[in-house]
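Novice: Have a look at this prediction, sequence included:
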Amino acid sequence: LEPAIARAFVEEARVLQQQGKTAEALEKAKQATYADPSHTEARALLDSLTGNKPVKPAPAPTDDDPTD
């Protein structure tokens, strides 16, 4: 894991995104997630650039089954 490198890639990706260089920003965001797969900011940026919505965990099942 390389959190410092991931941070640098995220910053570069943000600048590229602001300049309208989406393809280049996407590449930098990917590099950030490769450098540190657990880097939440890198993952969020990658999701926003690809149009993916962050995956939320499914709600816990309830015991409201009327067939019991």
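Specialist: Nice, thanks for sending it over. Numbers count the residues shown, from 1 in each chain.
Novice: use CA for all of it now, contacts and neighbours both
Specialist: Will do.
Novice: Show me where this structure has its strands.
Specialist: Remark: no strands are assigned in the chain by DSSP state E.
Novice: Find the nearest non-adjacent residue to the residue nearest in space to the middle of the chain, please.
Specialist: Geometric centre of the chain, nearest residue: residue 43, 1.7 Å, by C-alpha atoms, centre = their mean. Nearest residue to residue 43, sequence neighbours excluded (C-alpha to C-alpha, 6 or more residues apart in numbering): residue 33, at 6.3 Å.
Novice: The one you found contacts residue 41, doesn't it?
Specialist: No: the pair residue 33 and residue 41 fails to qualify as a contact (C-alpha atoms under 8 Å) at a distance of 9.1 Å.
Novice: follow-up on the earlier one: pull the number of nearby residues for the residue nearest to residue 43.
Specialist: For residue 33, the number of neighbouring residues by other C-alpha atoms under 10 Å comes to 26.
Novice: for it, what are its contacts?
Specialist: Contact analysis of residue 33 by C-alpha atoms under 8 Å, 6 or more residues apart in numbering lists 6, 39, 42-43.
Novice: quick revisit: list the residues that contact the residue nearest to the centre of the chain.
Specialist: When contacts are counted by C-alpha under 8 Å, 6+ apart, residue 43 touches 29, 33, 37.
Novice: so how far is the longest helix seen in the chain from its chain's centroid?
Specialist: Identified as the longest helix of the chain according to DSSP state H is helix 3-18. Here helix 3-18 is found 12 Å from its chain centre; the criterion is C-alpha atoms, centre = their mean, to the nearest Å.
Novice: C-alpha coordinates for that helix, CSV please?
Specialist: The C-alpha trace of helix 3-18 is given here as CSV (Å, rounded to 0.1, in the frame of the first residue of the first chain):
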residue,chain,number,x,y,z
PRO,A,3,-1.1,6.0,0.6
ALA,A,4,1.2,9.0,-0.1
ILE,A,5,1.4,8.0,-3.8
ALA,A,6,-2.4,7.4,-3.9
ARG,A,7,-2.9,10.9,-2.5
ALA,A,8,-0.7,12.4,-5.2
PHE,A,9,-2.6,10.6,-7.9
VAL,A,10,-5.9,11.8,-6.5
GLU,A,11,-4.7,15.4,-6.4
GLU,A,12,-3.5,15.2,-10.0
ALA,A,13,-6.8,13.5,-11.1
ARG,A,14,-8.8,16.4,-9.5
VAL,A,15,-6.8,19.0,-11.4
LEU,A,16,-7.3,17.1,-14.7
GLN,A,17,-11.0,16.8,-14.0
GLN,A,18,-11.3,20.5,-13.4
